[in-house]
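Enquirer: Sharing a model that was predicted from the sequence below.
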Amino acid sequence: MKTPLTAIVVLIVFVGSVIAESEWTHKTEVGEDATSTHYYFFKSNGDSVEQVRWVWNGGAQNPPTVTDYFLGSGRITVRHLVGKRDDITDLTLGREADLELKEEYSISAKSTAEMLIPDPPAKSLSDTQRVDLKNLIYLLAKERKPYKTGAQQVETLKP
């Protein structure tokens, strides 16, 4: 009895990890030095990018950091997270991990064309928000490679 149950649990965990990986449609990476690399994952619906994940592997001794950008409906939501060194392999492969939320905020506007114009006009963006938006613009402008998801591969999404 325990053997079939164990096999079912293993199968569920495996399918869950494949599904978690398959959300990303594109990926690119940039090496910083011998021990440090930045990994960028993109989720596209074919017409636009819905999510960007920036994973820094932490270098030789730091914990990995993750910045998630969620785009849509006149809103950009930014999450800054930190993981554990044991999660680096999963994170750099586009898998989920148990991350600690350090900061989360949203910037919204009536239309995405007005996203950088504060509403109301008296409200301005913080320095952190400006840096995050600059980084997001940089990431969206990068050429990215299709990220294989099993036997399926999506065409290259250019900026």
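Expert: That came through fine.
Enquirer: how about the helices of the chain, start to end?
Expert: Using DSSP state H, the helices of the chain run over residues 2-22, 88-92, 127-141.
Enquirer: how near is Thr77 to Thr35?
Expert: Thr77 sits 31 Å away from Thr35, going by CB to CB, to the nearest Å. Yep, even glycine has a C-beta here, placed from its N, CA and C like the rest.
Enquirer: Let me fix that, I meant to ask about Glu23.
Expert: Distance from Glu23 to Thr35, by CB to CB: 27 Å.
Enquirer: who has more neighbours, those two?
Expert: Counted by other CB atoms under 10 Å, Glu23 and Thr35 do not tie: Glu23 has more neighbours, with 16 against 12.
Enquirer: what's the least confident stretch among the helices of the chain?
Expert: Ranked by mean pLDDT, the helices of the chain bottom out at helix 2-22, with a mean of 45.
Enquirer: residue ranges with poor pLDDT in this protein?
Expert: Scanning the chain for pLDDT under 70 picks out 1-22, 110-123, 148-159.
Enquirer: swap the cut-off to 80 and go again
Expert: Applying pLDDT under 80 to the chain flags the ranges 1-22, 73, 109-124, 148-159.
Enquirer: how about the strands of it, start to end?
Expert: All strands of the chain, identified by DSSP state E, fall at 26-31, 37-44, 49-56, 65-72, 75-82, 100-108, 145-146.
Enquirer: out of the ones you listed, which comes closest to Gly94?
Expert: Of all the strands of the chain, strand 37-44 sits nearest to Gly94, with 5.1 Å by CB to CB.
Enquirer: could you give the angle of that closest one to strand 26-31?
Expert: Interaxial angle, strand 37-44 versus strand 26-31 (axes from the mean of the first three to the mean of the last three CA atoms, to 10 degrees): 170 degrees.
Enquirer: What strands line up against strand 37-44, and which way round?
Expert: With DSSP bridges as the test, strand 37-44 is paired with strand 26-31 (antiparallel), strand 49-56 (antiparallel).
Enquirer: winner for burial among those strands?
Expert: Among those, ranked by average contacts under mean count of other CB atoms under 10 Å, first place goes to strand 49-56 (a mean of 20).
Enquirer: Please put the alpha-carbon coordinates of it into CSV.
Expert: In CSV, the C-alpha atoms belonging to strand 49-56 read as follows (Å, rounded to 0.1, in the frame of the first residue of the first chain):
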residue,chain,number,x,y,z
VAL,A,49,4.7,40.5,-21.5
GLU,A,50,2.7,39.8,-18.4
GLN,A,51,5.5,39.1,-15.9
VAL,A,52,9.2,39.5,-15.6
ARG,A,53,11.4,37.8,-13.0
TRP,A,54,14.9,38.9,-12.3
VAL,A,55,16.9,36.4,-10.3
TRP,A,56,20.4,37.2,-9.0
